[in-house]
Structure formats: C-alpha cells, structure tokens
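Peer 1: Could you look at this predicted model? Sequence included:
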Amino acid sequence: VICAGASIAIAVTLLTPVGSTGTDSAPTVAQAPRRSDLPPIVHIILDEHIGLAGIPTDLPGGAELKRELEEFFARNGFAFYPRAFSPYYGTVESLSNLLQATVERTVGANLVRAESGELRPGRNLWFETLRARGYKLRVTATNYLALCNSWEETESCDLAPAGSLEFLLRTPVNSRQRAWVVMLSFIDTAVIYRWSRILYDLAIYQNHGTLGDMLEREALEMPNLGPLAAPKFVRKLTEELARAPEGTAWIAHFLLPHRSFMFDAACGVRPDIRDWGRGRGSRWIAEEHNSVETRASAYVRYFDQIRCTYRLLDETLAAMRGAGIFERAIVVIHGDHGSRLEINEVREVANEQLTERDLIDSYSTLFALRMPGIAPGPRPEQRSVHALFAELLMGRAIEGESGEVFLLPVGEGNGRSFSARLMPELAR
C-alpha cells in the first residue's frame, strides 16, 4: 500500500506542466512532442451524479444502490471518496473551475463567450497540462460548456448534443407523446410555460373541461433529451479504448445519470414519456421544485439511470482490460454537482428554508480514481471534487479550500458574488 503523499508525487511528476512549480497560478506551458509511451488517461465526467454518502438510503433502492457502487469501485481497484461534494450547483461553473484548478467565489470568473455564443472556459489548465506532457487529447463534450471547436490542441472532439431531437425521433416511445415533445421544443419555453400554466389552472382547477381532461391525461413534463444520446458516446469511447492507443488522454462529459430519467436499469428506454419525469402525480408543466412525494418518485427513476450508467462503464473497463491497458491507465470518474432533486431551491433568497438534505441533494457528488501508486478503497475525507482533482491529477493545491458550497445568486449576469453555506457533514 502506497500512501496518498506518494500518489500525489506520481501525479506531480507525470502531469504537472513543464515550467510549473505546481503552485503558481499562471504557469508557462510548453508544447511537448507527442509521446506514445505515456499511460492512457480516461477522464469521465458523469453529470448530476450524487456522491455515495449522499445517496438517500431511506428511499426504496437507495441502500442497495450504494452497496452496488461501493462494490463496483472496490472490484475495479478505485480509490473513492463517498463524502466528496461540489461547491457549485451548476455544470458550467463547476467544470470551468475544475478545469482551471480553482474555486472562484464570483459568477463567471472562469468563463468567456465564444464568437458562436457558446460559453467556454477562459483557460483550460487541465488540457494545457496534458499537452505539456505530450498527450494527444480526444474530447467528448456537451453544448452546456464549449470544449469542442474551441481548443485547437485536441486531436478530436465529439459533441454529444444536450437537446437534439434526432435521438428522440429514433427512440421507440409513445408516438403521440413524441409529437407533443417535438412541438414544444419549437416553441419559446418562457411563453409556453406562462400561457400553458394559465390554461392548465383554468381548465383543470376551475372548469374541469375537455382541455383539462386532456392535459391531466397526458401529464407531460418537457423532458431534457440530452441523456438519450449519452449511451452512443459512451460506447464510442469504449470502442476507441479497445484499440489500446497509448499516449492518449480521453476527456468525456456524459449527460448520465442526468435527468430526464428515460433509462431503466438495463438501459432500455421507458416507452411512456410520462415516466421520464418525477411521476404522473406531478402537473403537466413541471413545478419548479419537488414535493416529498415527487422527490421520492424521481429518485427511484434516478437510481435506475445510475444503474444503466454503470452497466455501460462495466463495458468500458472490460474493453480496457481486453486491450491490456487497464492496469497501467489512469482513470478518474467524477460528477459536477449533486442529483439536484432537492425540495427547497438552493437560492440565497430562500436561505432560511434550506435543510441539510436540500444541500446534500444539490452538492454531494462522485469522485473515484484509479491510478498506479494509489491504494484502492474508500477514503474518509470530506473534500470538494475540485480540490481532489487539482491535488491528485494536477499536483496543485487550491488556495482557501473552505468546505463551503455556493447558493444560486439572485439575478443574472457575471460578476456577482456567491453566498456560501458550509456543506453538511456527510455520513462516514
């Protein structure tokens, strides 16, 4: 067994950029020749994945899922951090800070808007670090944060669409519901929300007429279609890894187990789109937040989508074993934020309403690492994924690590300061 300090030393030697001390905030990064002798790096970001200690074991299937994930990481030789958390509620802030090895307390501090209108990291220290050591970069990104077409240094970059209708049109679901979702996708969501809620309330709660009967019968929430594309891109990564290319780093952001919850545990698509949301007891147009009942119902579907995710990851790791690269590779799997199935919104104006469970649902997230020289098994520390990633993968320390999480600020636009709360102590 090699101690954590030794593993950090390995990361520093392998991954710290040339010309960097490991602590400076703006290192000089030299372009290194491509090297085929480097161990493969597989960096997988699982969007909206709750941490193991954050899984609500009081809900049906929660305790069983926690054991399954512990067994998965132990079986595959990962060090894993059940009590890890993200300081950020959203993907864009979380990943833009993680890639830069920072935890900024200002909205948009590490973001710029590209000419295309997409948000991208102002700087990507992780990519620079890998390039400086001679890695070829192959990236799978979503259109939440522009990593494709914005970093010329990547050898290839696939965009896994976060809302494409292509995959819905090819999915065997209820045809009437599919047509309804397609129609809604072409209508301005703010307008349809406002008017449909007025019509809904008038029809169902006052008139109980034909329109109300139709809306109640359909009970549709507008789904997030992004997860439909994710299995295709996970399998593409698996196929690439089976060819055992050394000297390559894969960075892949998958919208799994992210809502909407359209996959069962075996990765089959639920044919009734009403089952993709929080349950048929919720209104046609989704309410902003959960009730106790809709949270419990959503978590049951969320647990199944996590099981589907690990079914796919089992295939990925098996392909690496078959190619003879698994023992030598560096594999990191982490989330960007929690399940976000909280009851009370984690917004600073609702500060007094927040419970510890709201914060755990929102910020507890996954972190697991398999790397030569780091002992497998659970780790007891409660730390942010940003600090863990910077320290273990980049050999850097994040200044002012505080154990805080940042509430959603009021208003829009960059430059505002986050309000902070201490992350509750997660069970050991």
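Peer 2: Nice, thanks for sending it over. Note that the coordinates shown come from a computational prediction; the quantities given were computed from them, not determined experimentally.
Peer 1: What segments of the stretch 51-200 of the chain are helices?
Peer 2: For the stretch 51-200 of the chain, the helices defined by DSSP state H, counting those that start in this stretch cover 62-75, 91-98, 125-132, 166-169, 175-185, 189-202.
Peer 1: Nearest to Leu369, out of the ones you listed?
Peer 2: Evaluated over these, closeness to Leu369 peaks at helix 62-75, with 9.5 Å, by C-beta to C-beta. Yep, even glycine has a C-beta here, placed from its N, CA and C like the rest.
Peer 1: And the residue nearest the centre of the protein?
Peer 2: Asp47 (1.5 Å; C-alpha atoms, centre = their mean).
Peer 1: Out of the helices of the stretch 51-200 of the chain, indicate the one that is most buried.
Peer 2: Highest mean neighbour count among the helices of the stretch 51-200 of the chain (mean count of other C-beta atoms under 10 Å): helix 91-98, with a mean of 24.
Peer 1: and the angle for that helix with helix 125-132?
Peer 2: Taking axes from the mean of the first three to the mean of the last three C-alpha atoms, to 10 degrees, one finds helix 91-98 and helix 125-132 inclined to each other by 50 degrees.
Peer 1: Tell me where this protein has strands.
Peer 2: Under the criterion DSSP state E, strands of the chain are mapped to 41-46, 79-80, 111-113, 119-121, 136-141, 156-159, 248-254, 330-335, 367-370, 377-378, 404-406, 420-422.
Peer 1: residues making contact with the fifth one?
Peer 2: Residues outside strand 136-141 that contact it (C-beta atoms under 8 Å, 6 or more residues apart in numbering): 34, 127, 130-131, 147-148, 151, 153-160, 233, 236-237, 240, 245, 247-254.
Peer 1: and it, what's its mean pLDDT?
Peer 2: Taken as a whole, strand 136-141 has a mean pLDDT of 93.
Peer 1: Output it as CSV, nothing but the C-alphas.
Peer 2: Extracted C-alpha coordinates of strand 136-141, given in CSV (Å, rounded to 0.1, in the frame of the first residue of the first chain):
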residue,chain,number,x,y,z
LYS,A,136,-3.0,13.5,-27.5
LEU,A,137,-6.4,14.8,-26.5
ARG,A,138,-9.7,13.2,-27.5
VAL,A,139,-12.7,15.0,-26.1
THR,A,140,-16.4,14.3,-25.9
ALA,A,141,-18.3,17.4,-24.7
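Peer 1: Buried residues, that strand. List them.
Peer 2: 136-141 (16 or more other C-beta atoms under 10 Å).
Peer 1: Same question for the last one.
Peer 2: Residues of strand 420-422 classed as buried under the neighbour-count rule (16+ other C-beta under 10 Å) are Arg421.
Peer 1: partner strands of that strand, parallel or antiparallel?
Peer 2: strand 404-406 (antiparallel) (DSSP bridges).
Peer 1: now stretch 38-55, how far from the centre of its chain.
Peer 2: For stretch 38-55, the separation from the chain centroid amounts to 8 Å (computed by C-alpha atoms, centre = their mean, to the nearest Å).
Peer 1: End to end on it, go ahead and measure it.
Peer 2: 36 Å (C-alpha to C-alpha, to the nearest Å).
Peer 1: quick one: average confidence on that stretch?
Peer 2: Mean pLDDT, stretch 38-55: 97.
Peer 1: before we move on, what about stretch 81-90?
Peer 2: In this model, stretch 81-90 carries a mean pLDDT of 97.
Peer 1: Please pick the buried ones from the contacts of strand 136-141.
Peer 2: 127, 130-131, 147-148, 151, 154, 157, 159-160, 233, 237, 240, 245, 247-254.
Peer 1: Where does pLDDT dip in the stretch 51-200 of the chain?
Peer 2: 149-153, 184, 186-200 (pLDDT under 70).
Peer 1: again, only using 80
Peer 2: For the stretch 51-200 of the chain, residues meeting the criterion pLDDT under 80 lie at 114-117, 148-154, 161-165, 174, 176-177, 179-200.
Peer 1: re earlier: go through the buried residues of strand 136-141 and say which is closest to Ser175.
Peer 2: Nearest to Ser175 among these, with distances taken as C-beta to C-beta, is Thr140, at 30.5 Å.
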